[in-house]
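> the following comprises the amino acid sequence and a computationally predicted model.
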Amino acid sequence: MLIHADADAFFASVEERDDPSLRGVPFVVAHQVVACPSYPARALGVRGGVPVGHARRILRDLRLVEPRHEAYETASRDLFALFASVTAFVEPGSMEEAFLDVEAVGLDPVDTARTLRERARAELGLPVSMGVGTTKLMAKVASRRAKPDGMVVIGRREDRTVRHALRLEEVWGVGPATVEALRQQGWRTVGDLAALEVRELSPIVGTTAARRLAAVAAGLDDARVKVPGERRSAGASRTIAPTRSRSVVEGTVQELLAAADGRLPAALEVARIDLALRFDDGVVVERTHQLRSAVRDTDLVGGLLREQLASTGWIDDGRGVTFLGIGLQGRPRTVAEGQLTIF
């Protein structure tokens with residue numbers, strides 16, 4: 001049995017913790033686009049990913065809180081330190097969620113999940129929903145059903161019943177196109193696939209998806225917690241209101257570079273730079289630059305990023321930019337201390 005721990009409305013919960021006047025109030029963490037609505041705002045129809053103006057049309061007296069990324073990163077570190085205090089087998093899903101294997105260290109998953117939830121509230125001031133299940137999928141299904149601020153256990157006895165009743169869109173990792181292809185065959189739940197073999201599913205959804213779906217239906221999906229090795233990459237991304245402003249786009253890229261560089265371990269140099277840009281019609285443009293010699297120089301990397309950005313043609317394009325993301329791939333320093341580099 002595995003635990004899936006997922007902090008509720010993470011950015012909003014950190015803001016509520018640090019500013020008690022926000023508790024029970026509909027508000028959003030947002031700059032130009034809603035990054036995270038509070039639960040009272042969600043109850044009134046406000047969703048993440050929409051422009052602030054749209055959210056305010058839904059709710060006129062909606063409060064706006066500017067994002068504080070350093071505060072969220074600190075809270076994330078504290079949360080993962082809490083997880084690490086009970087088990088070394090922790091697989092991050094994002095900055096606010098993780099799978100935990102506590103049976104591997106001789107602990108009871110249900111008791112441990114209950115205790116962790118209480119400690120997260122008492123020690124960190126954060127609500128964390130807990131799901132316990134036989135596999136990663138079932139633990140994640142359980143934590144989703146526990147939200148907000150609850151705990152759900154899907155034990156071995158009820159696993160098959162709950163699993164087969166799952167709607168296909170509830171299966172973690174199965175995208176809308178796959179769901180639609182299955183629906184066209186009249187299949188809407190995991191149970192509908194239980195009697196099918198991989199060879200029957202493959203022509204419809206492809207071999208990889210067919211194997212995963214067959215494993216899910218049989219209860220043989222992934223139950224291994226993969227402990228990550230030393231970080232070799234870092235990234236940052238941001239959704240913004242549609243814009244063609246050069247200062248906004250280039251300024252955002254510079255801010256994302258600073259955030260990503262801060263997350264990349266100091267022992268690494270940058271060997272590859274990735275850039276992603278999305279236009280307001282949903283088209284995504286990606287650029288990758290492999291450096292001949294790895295460096296750790298934000299001015300140099302920033303210049304290369306600006307070149308990548310210009311190569312997308314966004315300046316002369318009539319569409320607005322709605323998303324920017326960068327990734328830095330690192331490798332260990334190989335230059336002896338005191339030795340000069342080519343730069």
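In hand now; what should we look at?
> could you check how far Leu291 is from Arg263?
18 Å (CB to CB, to the nearest Å). To be clear about C-beta, it is placed using only N, CA and C from the backbone, and glycine gets the same treatment.
> compare the two (neighbour count), which wins?
Leu291 (16 against 13; other CB atoms under 10 Å).
> okay, now the unreliable bits of the stretch 151-300 of the chain?
Scanning the stretch 151-300 of the chain with the threshold set as pLDDT under 70 gives 230.
> helices of that one, start to end?
Secondary structure of the stretch 151-300 of the chain by DSSP state H, counting those that start in this stretch: the helices cover 156-165, 176-183, 198-205, 207-218, 246-263, 298-311.
> and Ser237, what does it touch?
256, 276, 323-326 (CB atoms under 8 Å, 6 or more residues apart in numbering).
> ugh, wrong one, I meant Glu96
Going by CB under 8 Å, 6+ apart, the list of residues near Glu96 reads 6-7, 10, 76, 79.
> just the residues you listed now: which is nearest Pro228?
Of all those, Pro228 sits closest to Ser76, with 14.2 Å by CB to CB.
> work out for me the element the closest residue to Thr252 other than its chain neighbours sits within.
Leaving aside its chain neighbours, Thr252 sits nearest to Leu324 (5.3 Å; criterion: CB to CB, 6 or more residues apart in numbering). Leu324 belongs to strand 321-332 when assigned by DSSP states H and E.
> buried residues of that strand, list them for me.
321-330 (16 or more other CB atoms under 10 Å).
> likewise stretch 207-221?
209-210, 212-214, 216-217, 219, 221.
> related to what we said a few turns ago, buried ones from the contacts of Glu96, can you make that a PyMOL selection?
Written as a PyMOL command, the selection of buried residues from those, which uses 16+ other CB under 10 Å, is:
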select buried, resi 6+7+10+76+79
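> and which of the contacts of Glu96 is nearest Thr239?
For the contacts of Glu96, the nearest to Thr239 is Phe10 (15.9 Å; CB to CB).
> between the contacts of Ser237, which is nearest Asp297?
Closest approach between these and Asp297, by CB to CB: Ile326, at 15.4 Å.
> quick one: residues contacting the residue lying closest to the closest one once chain neighbours are set aside.
Distances taken as CB to CB, 6+ apart place Leu256 nearest to Ile326, at 4.9 Å, with adjacent residues excluded. Neighbouring residues of Leu256 by CB under 8 Å, 6+ apart: 236-238, 324-326.
> got it, and Glu73?
Applying CB under 8 Å, 6+ apart, the residues near Glu73 are Met95.
> with Arg117 as the reference, measure out to it.
According to CB to CB, Glu73 and Arg117 sit 22 Å apart.
> what do you get for Asp299?
45 Å.
> more neighbours, those two?
Taking other CB under 10 Å, Asp299 and Arg117 do not tie; Arg117 has more neighbours (21 against 7).
> OK, contacts around the more buried one?
Taking CB under 8 Å, 6+ apart, one finds 5, 128-130, 151 in contact with Arg117.
> go through these and name the one nearest Glu307.
Using CB to CB, the contacts of Arg117 come closest to Glu307 at Ala5, 41.2 Å.
> and after the helix or strand containing that closest one, which helix or strand comes next?
Using DSSP H and E, Ala5 maps to strand 2-7. Note on strand 2-7: by DSSP H and E, the next helix or strand toward the C-terminus is helix 10-18.
> what mean pLDDT does that next one have?
Averaged across helix 10-18, pLDDT comes to 95.
> quick one: residues in contact with that helix.
Where contact means CB under 8 Å, 6+ apart, the residues beyond helix 10-18 that reach it are 7, 22-23, 27-29, 35-39, 65, 67-68, 71-72, 75-76, 95-96, 124-127.
> that helix: which residues count as buried?
10-17.
> same deal with stretch 188-203?
Under 16+ other CB under 10 Å, the buried positions of stretch 188-203 are 189-190, 192-193, 196, 201.
> go on, stretch 303-312?
304-305, 308-309, 312.
> ok so, going back, what's the most distant pair in the buried residues of strand 321-332?
Distance extremes for the buried residues of strand 321-332: the farthest pair is Thr322 and Gly330 at 28.2 Å, using CB to CB.
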